[in-house]
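Undergrad: Pasting the sequence and the predicted model now:
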Amino acid sequence: MQAQSFPMFTPAELTDLQRSLRDILPDPDKGVFSVLDALKKALPEQTEKYNAVFQLETRLNAVNKDRIRGLLSQDDLDRAYNRITADVLDLIDGLRLEDFDAKTAESSVEDKAGSILYRIPRTMEVEEEHKCVVRLAFDIDTVVRNIELTKDTVVKEVRVSEVMEVELIDPNGTPCFAIRKLNSVEQFLEKNDYTEWIFFVKPLIVGTLPLMLKVSVKELINDKERIKEIVMEEVINVIAETAPDDENATFQSSGYSFSYSNAPVPNTGSRDSKRKYVLPLVLAMVVVTGILASVGMMLGLIPTPIWLGGKQAGDEDRVFWGKTLQTHTRSSFETYLLAYPDGLFTEEARFKIDSLKNLDNLPKEAEGIEPESIFPAKDSLEIQEETLPIAPVKLPKKVQPKKQITTKPIPTNPKPNPVPLTQNPPAITPDSQPDKPGKKRKSGFEMVPVPGGSLTIDKNDCPGGARVKIQPFKIGKYEITQNDWWNVMGRDPSFHSKCAECPVERVSWIEVQEFIQKAAQKYGKRYRLPYEAEWEWAALGGPQSKGYKYAGGNDPNAVAWFNIIQEKTHEVGTKRANELGIFDLSGNVWEWCLAPYPPYLNCPPPHSDKKALRGGSWADNRGDIKITSRRREKAKNTDRRSGLRLVEE
């Protein structure tokens, strides 16, 4: 067949194309599909980049189908969209002039359509092996031959060739599946027959986890082997082991005994005479049980089921909490704790009481933030153009700031009387190079000023869209280190401990609030976690932003610690800083933010017991350490990937 003619681009035209594609990507009316369609029209077929576009389109269609069939939750769908969008951005950034050269297209090879069948259980038991089957054939009749089509079986049309590769891959940052294969990865296809790959997958942890199926088409194009990869993502619900059968259960007779003859012999006894009494007795028991249950529900002794109009557990608690939030005073939160000492929101109520108590105890000159500013009501955020509540705070005239940090290392055996703190040396002018050995001990209490500006929120992230004005603020040059935490709390909770200048981790959002309160008392300053808008503005480099993918550059190895380096945290400030001289905003540890999740930045928040984290960690891949990467966790949860960075008011 004759090769199609494609226009060649000049470098300037290629730059304009890349810019326009990036502009289309966040558009809710166009988005990823429009970008992929435009790339398919611009790129010659049979080229590596065209195959990559086809692969991304296949993944996107598969995700949408799984959502329609109810196999994916909204959170799973959002995560899949984020991964695909990140891969599309990488593809756009990687476009080169030679990708549009029609000479690289293969004109002698015709498209070969085929079918893939894969059966991967959507639900698996932890620590148990589960059989997964993948088949490829040139037609659908062949691929479904001699196999039971269960609810976990998927059949799709794909491009095939005579030589194919199939792999099951664990895409998670830390191993979540042990995968054992019985066949060679590479096999050939024959007409009128299917080729089969068998894998045994053993989940290692409980949770909702992604599992990737990669199918590679191998062909010779212009005497050079070319590989086209198709990746499909399945979301596996890994559960704990099911309860074993009751070993003490007694065997019940079926009413027949068996002899070595050709016919069953009835049990001796009056089985037929007893049968006529069984049904009336059962009916009588049902009627009596129903009457007793009705009386119990009327007297309030038995809770009324939800399907009969009864209240769900926690309904009254939620209603009371909603009214408490509307009032938002210290006394209202104390009343909630009296009414529901073991309620759903006791931890949050105690935290809000402590926060309001601290505000009440501040001197008049230091009052700069009202309680509503720290915990904004929903109505105060439903504005098209919103200013984050970042008000300057003046210290009392007669109160001198206390010393900020100590230069002593974390002691192996803590003593009851710590060495007195020493005066901080003058702040170092921020630069973009890694800190050199011999400098003063690095501390998360060293602040970098961030100029104000504005950040546009996309409609996908905030209903109606919004433009957020950000006032100037100061944010930590480094993540809070283990030494910083020790000096304030007298302990080090980190899993990767005994590293004074490594970021502290394994701290919950609630524990961070206690740390902030004690740090404020110790150093005479006001601290808090950053809002997501502030964090992202600082990570982008503020008004000095160069539009990097990661905080400080487009090469993650230069600016971040992530999972291809070593599986542990590293000393802060040892990678390149971003445009403002701030280190480790990408990688090392996830950083807690002040606002709840899922609202993005300061969009109107629904009730949520989860908090946002930003920036990725040492355990994540490069796709999860971008400036736009987000994660959510309950405020009480801890893990070895999560730490913090402070804002000083």
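TA: Okay, I see it.

Undergrad: which intervals of the stretch 501-649 of the chain have sub-threshold pLDDT?
TA: Along the stretch 501-649 of the chain, segments meeting pLDDT under 70 span 564-566, 596-608.

Undergrad: who's in contact with the closest residue to residue 575 other than its chain neighbours?
TA: In space, residue 575 comes closest to residue 559 once its chain neighbours are excluded; the distance is 5.2 Å by C-beta to C-beta, 6 or more residues apart in numbering. (C-beta placed from N, C-alpha, C; glycine too.) By C-beta atoms under 8 Å, 6 or more residues apart in numbering, the contact set of residue 559 is 550, 551, 552, 553, 575, 576, 577, 578, 586, 587.

Undergrad: again, 6 Å this time
TA: Applying C-beta atoms under 6 Å, 6 or more residues apart in numbering to residue 559 gives the contacts 550, 552, 553, 575, 576, 586.

Undergrad: surely the last one meets residue 625?
TA: This means residue 586. Yes: judged on C-beta atoms under 6 Å, residue 586 makes contact with residue 625 at a distance of 4.5 Å.

Undergrad: Would you mind grabbing the residues shared as contacts by those two?
TA: Residues touching both residue 586 and residue 625 (C-beta under 6 Å, 6+ apart) are residue 560.

Undergrad: Of these two, which one has the most company?
TA: The neighbour comparison of residue 586 against residue 625 (other C-beta atoms under 10 Å) goes to residue 586, with 30 against 27.

Undergrad: Wait, a helix at that one?
TA: No: counting by DSSP: H, G, I helix; E, B strand; the rest coil, residue 586 falls outside a helix, being coil.

Undergrad: Now it. Its backbone dihedrals?
TA: Dihedral angles of residue 586 (phi, psi; degrees, to the nearest 10) stand at phi -110, psi 130.

Undergrad: try the one 4 residues further on
TA: Its backbone dihedrals place residue 590 at phi -60, psi 150, with angles given as degrees, to the nearest 10.

Undergrad: Number of residues surrounding it?
TA: By the measure other C-beta under 10 Å, the count of residues near residue 590 is 29.

Undergrad: Equivalent analysis for residue 593, please.
TA: Per other C-beta under 10 Å, the neighbour tally for residue 593 reads 25.

Undergrad: could we number from 670 for the rest of this?
TA: All set: I'll call the first residue 670, so the last point we hit is now residue 1262.

Undergrad: Tell me where the stretch 1120-1269 of the chain has helices.
TA: Per DSSP state H, counting those that start in this stretch, the stretch 1120-1269 of the chain carries helices over the ranges 1151-1158, 1178-1192, 1201-1209, 1225-1228.

Undergrad: and the residue lying closest to residue 1300 once chain neighbours are set aside, what is it in contact with?
TA: Leaving out its chain neighbours, the residue that sits closest to residue 1300 by C-beta to C-beta, 6+ apart is residue 1282, at 4.5 Å. Each residue near residue 1282 by C-beta under 6 Å, 6+ apart is listed here: 1259, 1261, 1300.

Undergrad: Verify the stated contact: the first one with residue 1287.
TA: Going back to what we said before, that points to residue 1259. No: counting by C-beta under 6 Å, residue 1259 does not reach residue 1287; the two are 9.7 Å apart.

Undergrad: out of the contacts of residue 1228, which is most surrounded?
TA: Among the contacts of residue 1228, residue 1255 has the most neighbours (other C-beta under 10 Å), with 30 neighbours.

Undergrad: Could you check how far it is from residue 865?
TA: Computed as C-beta to C-beta, to the nearest Å, the residue 1255 to residue 865 distance reads 42 Å.

Undergrad: quick one, which of the helices of the stretch 1120-1269 of the chain is nearest to residue 955?
TA: Using C-beta to C-beta as the measure, helix 1178-1192 is the one of those that comes nearest residue 955, at 49.7 Å.

Undergrad: relative orientation of the closest one and helix 1151-1158 in degrees?
TA: 70 degrees (axes from the mean of the first three to the mean of the last three C-alpha atoms, to 10 degrees).

Undergrad: Can you list the buried residues in helix 1178-1192?
TA: Buried residues in helix 1178-1192, counted by 16 or more other C-beta atoms under 10 Å: 1178, 1179, 1180, 1181, 1182, 1184, 1185, 1186, 1188, 1189, 1191, 1192.

Undergrad: Kindly export the helix or strand encompassing residue 1281 (C-alpha atoms) in CSV.
TA: Residue 1281 is part of strand 1279-1283 when elements are defined by DSSP states H and E. Extracted in CSV, the C-alpha atoms of strand 1279-1283 (Å, rounded to 0.1, in the frame of the first residue of the first chain):
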residue,chain,number,x,y,z
LYS,A,1279,-9.2,12.8,54.8
LYS,A,1280,-6.4,15.3,54.3
ALA,A,1281,-4.4,16.1,51.3
LEU,A,1282,-0.7,15.3,50.8
ARG,A,1283,1.5,16.6,48.0
